[in-house]
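Engineer: Structure for the following, please:
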Amino acid sequence: MSRQKQLIVDEVEAMQNLRTQTPGSDVWSRSARLTKNLPRRQLPPVPEAALFQAHNVTGSTGSRDSASIYYQSGDTFSHVTTQHQDQTNIGRSLTRTHMDYHIGNTGRDGVSQEFYGGKVKHTSRNPFMPVQSTEEQARLHTTASRFQNPKSKY
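Structural biologist: As a prediction, this is how the structure comes out:
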């Protein structure tokens, strides 16, 4: 099978998985990422308990011991801040759902910025580092899971 045909088969399978899998599950999350660039309607929100799973960790900012850990499943996303000079900013951020969400190192001096709702909504203190392995996802999730409560600033 040609590479182009295989991509089409993969995309069709991914779209079918979005309809048949539980939102936030590992298969659903992988399928949502595969279909992200296809013309589509916004995906339904993922329940918070399903979002904060190791397989949904996309990356981090900061150092190994003081990282902010980012989660995304389909169009639903959030992050957990583990260390900050402002104590009210430690913990889980609100969970949001936007189909135009993306994160990139577009801020001044290469720091990460989260974009959704048509504009930059959050600028980090550090660059975003995408996860490179399932082991790294598990390690970051373990760190983030020590911070179960929402940020007190909310």
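
Engineer: Arg92 contacts Ser152, correct?
Structural biologist: No: in this structure, Arg92 is not within contact of Ser152 by CB atoms under 8 Å, at 10.7 Å. C-beta: built from backbone N, CA, C; applies to glycine.

Engineer: which of the two has more neighbours?
Structural biologist: More crowded of Arg92 and Ser152, by other CB atoms under 10 Å: Arg92, with 21 against 11.

Engineer: which residues touch that one?
Structural biologist: Phe52, Ser78, His79, Val80, Phe147, Gln148, Asn149, Pro150, Lys151 (CB atoms under 8 Å, 6 or more residues apart in numbering).

Engineer: Does it have any beta-bridge partners, and if so which?
Structural biologist: Val80, Pro150 (DSSP bridges).

Engineer: Which residue lies nearest the spatial centre of the chain?
Structural biologist: Centre of the chain computed as the mean C-alpha position; nearest residue by CA atoms, centre = their mean is Gln72, 2.3 Å away.

Engineer: In this structure that residue contacts Thr58, no?
Structural biologist: Yes: assessed by CB under 8 Å, Gln72 is found in contact with Thr58 at 4.9 Å.

Engineer: ok, Gln148 to Ile90 distance?
Structural biologist: 12 Å (CB to CB, to the nearest Å).

Engineer: More neighbours: which of these two?
Structural biologist: Ile90 (18 against 10).

Engineer: Strands along this structure, start to end?
Structural biologist: 57-61, 68-73, 76-81, 91-92, 96-97, 102-104, 113-116, 119-123, 128-130 (DSSP state E).
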